[in-house]
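**Student:** Below are the sequence and a predicted model; questions follow.
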Amino acid sequence: DLVCGHIAARYMDGTLATKLPLRKRRVDLPLALTLAFLVLVVALLAAGGLFVRAIVGSAFADAERIRIARVHAGDMVRQQLDEETGVRGYINFRHAIMLEAYYGGRANLPRYFRSVRADLVALNAGEALPALRDAERTNYRWVHQIAFPIIGRRGGHPRLALRGKLLVDRFREDADFIDRELARRTVLVNARAQDALFWVGSFSIAAVAAVVLAALLFTIQQYRLNVRLEAERAAYETEKRLTDILQQALGERLFPELPNLRFSATYVPATEQTKIGGDWYDAIQLSEERVLVAIGDVTGHGIEAVVAMNKARQLLISNALLDATPGSVLRRLNADLVRSRSPIITAIAGVIDMRAREFAFAAAGHPPPVLFEPQAGARLLSFGSLPLGVEGRTEYATQTVHLKAGATIVFYTDGAIEYSRDLVQGEAALLEAVESSAESDIVDVASNIRDRIFSGQKVADDVAILVVTYTAEQANVYPRPQSGYQLESERSVAGRST
């Protein structure tokens, strides 16, 4: 009342009319300064976001190129092993059919030499090029000085065998040097990604500090709350944009194209109020008959979860290239994550062997896969052991399931069954959606499962779904062996022991 009376009195004597323009100017000045400062902050955020996106995108592209280069290097070693195995079999059995592996390896090896050389040049890994050239020369000497005389004389001499072993050992030393150089490059790429993420965090902190400073500069009480809300919204959108950049860089997947396997996948982001999480899935061809499938979920949300997800994904793939047995892959991955104090991660690693028609998998605290079989319906497979990153000495059992023609395997993250906070109801809805989708002629089974589960439901957490269908019409592309089927890693060990 006193204030109103004072204003009225001033208005009555005509003084307020002269004060209003000055007060308006005093209000507009801090408002204009604050708005100008916010425009500057937004411009810097946009420029910084583009800069960070370029760095992170480059780091992950380099990591993918290194992974491909290591695969090519491994193929190069396998072709040389085929050459050696063919000649050794010819020495033992004196039969020309044993030379098929030798001729196949000899025909394919130059192509893999070219692929590895192109990979090393693209990665600017000049330190490994001399080892590659030495490997080519060593293989040339082995073919002309060992293989040709043995084949021409229809038999081997102990001195030739000894000299051949020395050349083979030298070839593998060169291949090991190339692999170590690529591994060193992987460490450098990961370090560069970590540096980029450090700048992301610093950039976010600087943005928040700048917004707080803008709020302090805004001296008029009635505008202070609006400025603070705008600052919080800008900080949230900045973090979400940066997280989306990382998620997009990590989320692009190319599935293998195989005659009797069909892949489909979907990723459902959480609602706008919830930050992006660390869900991921992968399907990578290990050999002509075997495919690695994986799915995982990092606890927590935001940039940290995306970073942990990428690290776990790269480690899982690297371990699978060494030994694709699912239990061994998770055991080594868990040890690495415990040492690096990673967030807790749930995951499933599996290998589909199309020749043996088997699916071997191991689970680490992750919801079990769903297996659908014609005339048998959908069912949950067995649960696994502790999540990754909890206990370094945890063992993970490998379980094997025979695949019938028309079988469908569904991998998913917990968001697909926990949206209603009733786990039993969520699992029942999932099984029903899998049966309805698998029995139809729909190509994109994963998206159909997603639509059936979340019809009219709110997505409270990120959801990833990966579906692998073992098609009935192509079931006989790889005839099932009459005896036990060895994993590729076991065959390699057996080959070296001979």
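**Tutor:** It's in. Bear in mind that the values here come from a model prediction, so they are computed numbers and not experimental data.
**Student:** Any buried residues in stretch 431-440, and which?
**Tutor:** Leu431, Ala433, Val434, Glu435, Ser437, Ala438 (16 or more other C-beta atoms under 10 Å). Bear in mind the C-beta positions are built from the backbone N, C-alpha and C, glycine included.
**Student:** could I get these as JSON lines with pLDDT?
**Tutor:** Formatted as JSON lines, the buried residues of stretch 431-440 follow (pLDDT from 0 to 100):
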{"residue": "Leu431", "pLDDT": "94"}
{"residue": "Ala433", "pLDDT": "93"}
{"residue": "Val434", "pLDDT": "95"}
{"residue": "Glu435", "pLDDT": "92"}
{"residue": "Ser437", "pLDDT": "90"}
{"residue": "Ala438", "pLDDT": "88"}
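**Student:** Save these as CSV, and put in distance to Gln80 too.
**Tutor:** Shown next, in CSV, are the buried residues of stretch 431-440 (distance: C-beta to C-beta, whole Å):
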residue, distance to Gln80
Leu431, 48
Ala433, 48
Val434, 45
Glu435, 48
Ser437, 45
Ala438, 43
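**Student:** which one among those gets closest to Ala234?
**Tutor:** Checking these against Ala234 with C-beta to C-beta, the nearest one is Ala433 at 39.3 Å.
**Student:** Go through the buried residues of stretch 431-440 and say which is closest to Leu40.
**Tutor:** The closest of these, once distances to Leu40 are taken by C-beta to C-beta, is Ala433, at 50.0 Å.
**Student:** Skip the chain neighbours and tell me the closest residue to the closest one.
**Tutor:** Distance criterion C-beta to C-beta, 6 or more residues apart in numbering; nearest residue to Ala433, sequence neighbours excluded, is Arg452 at 3.9 Å.
**Student:** what's near enough to touch the one you found?
**Tutor:** Arg452 makes contacts with Ala429, Glu432, Ala433, Ser436, Ser437, as judged by C-beta atoms under 8 Å, 6 or more residues apart in numbering.
**Student:** Spell out which helix or strand contains it, please.
**Tutor:** helix 445-453 (DSSP states H and E).
**Student:** what secondary structure does Glu237 sit in?
**Tutor:** Under DSSP: H, G, I helix; E, B strand; the rest coil, Glu237 falls in the helix class.
**Student:** Check the spacing between it and Leu45 real quick.
**Tutor:** For Glu237, the distance to Leu45 (C-beta to C-beta, to the nearest Å) stands at 9 Å.
**Student:** Looking at the two, which one has more neighbours?
**Tutor:** Leu45 (21 against 12; other C-beta atoms under 10 Å).
**Student:** doesn't Ala234 make contact with the more buried one?
**Tutor:** Yes - counting by C-beta atoms under 8 Å, Ala234 is a contact partner of Leu45 at 7.3 Å.
**Student:** got any residues that touch both of the two?
**Tutor:** Ala207.
**Student:** could you point out where the stretch 201-350 of the chain is predicted with low confidence?
**Tutor:** 211, 214-225, 235-236, 238-240, 242-253, 271-276 (pLDDT under 70).
**Student:** Give me the residues contacting stretch 128-138.
**Tutor:** In contact with stretch 128-138 (C-beta under 8 Å, 6+ apart) are residues 76, 113, 116-117, 120-121, 167, 170-171, 174-175, 177-178, 181-182.
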